[in-house]
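Visitor: for reference, the sequence and a predicted model appear below.
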Amino acid sequence: MAASTSKKVVIRRFDREPVTGFVNPHDYLQPEGVELLSPTGSVLVVPYSEIKAVCFVRDFEAPGGSASPGLFHTRPKTEGLWVRMCFNDGELMDGLLSNNLLQLEASGFTVVPPNPVSNNQRIFVPKTALREFHVVGVVGSPIQRRRKKAAPTDQMEMFE
């Protein structure tokens, strides 16, 4: 793991203490779990079955860093898929998912949390942690682009 590409994460786990560390965002998703460099310098692989969410955070010690991101109170403004996830323990979480199928991972979903000023910047949720996954809405769909109105043909030009 190169230091310039490592990102701070807090791994929320079901019924266990969270794990903090650093991941390389390009290859932290391994077939058996999430590869993490702990603050003590050891490399851990946390199995997907233990993970509730991998929160990419600004700071380890910030208040609310490992708390639940919550739900959107209004329709999001950022382009993407507005999704609602129900975890195996019944907790609900909203997020914005990229509307690009090429950016989907096989093992889970990377979403942007509802509160853009919180400690959580992005959140990876493994598919094994979810009971339900719903698309609530499509925000900024390219299909709904405004069409230019055609100028009326029976109207005279202004300076003819």
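Guide: That came through fine.
Visitor: just the helices from this structure, written as ranges.
Guide: Counting by DSSP state H, the chain has no helices at all.
Visitor: low-confidence ranges in it?
Guide: 1-4, 62-69, 141-153, 160 (pLDDT under 70).
Visitor: show me the residue at the heart of it, geometrically.
Guide: Geometric centre of the chain, nearest residue: Val111, 1.3 Å, by CA atoms, centre = their mean.
Visitor: contacts only, for it.
Guide: 83, 85, 95-97, 122-123, 125 (CB atoms under 8 Å, 6 or more residues apart in numbering). Yep, even glycine has a C-beta here, placed from its N, CA and C like the rest.
Visitor: and what of Asp94?
Guide: Neighbouring residues of Asp94 by CB under 8 Å, 6+ apart: 69-72, 82-85, 113-114, 136.
Visitor: end-to-end on stretch 108-125?
Guide: Length of stretch 108-125, first residue to last, CA to CA, to the nearest Å: 5 Å.
Visitor: now do that stretch: distance to the chain's middle.
Guide: How far stretch 108-125 lies from its chain's middle: 4 Å, per CA atoms, centre = their mean, to the nearest Å.
Visitor: only the buried residues of that stretch, if you could.
Guide: Neighbour-count burial for stretch 108-125, counted by 16 or more other CB atoms under 10 Å, picks out 108-114, 118-120, 122-125.
Visitor: all strands in the chain, in order from the N-terminus.
Guide: Assigned by DSSP state E, the chain shows strands spanning 7-13, 19-23, 33-37, 43-47, 51-57, 80-87, 92-97, 108-112, 120-126, 130-139.
Visitor: highest average neighbour count across those strands?
Guide: strand 51-57 (a mean of 23; mean count of other CB atoms under 10 Å).
Visitor: name every strand pairing with it and say which way it goes.
Guide: strand 7-13 (antiparallel), strand 120-126 (antiparallel) (DSSP bridges).
Visitor: if we can go back for a sec, what sits against the residue lying closest to the residue nearest to the centre of the chain once chain neighbours are set aside?
Guide: The shortest distance from Val111 to any residue other than its chain neighbours is 2.8 Å, reached at Gly95 (CB to CB, 6 or more residues apart in numbering). Residues in contact with Gly95 (CB under 8 Å, 6+ apart) are 69, 82-83, 85, 109, 111-114, 123, 125.
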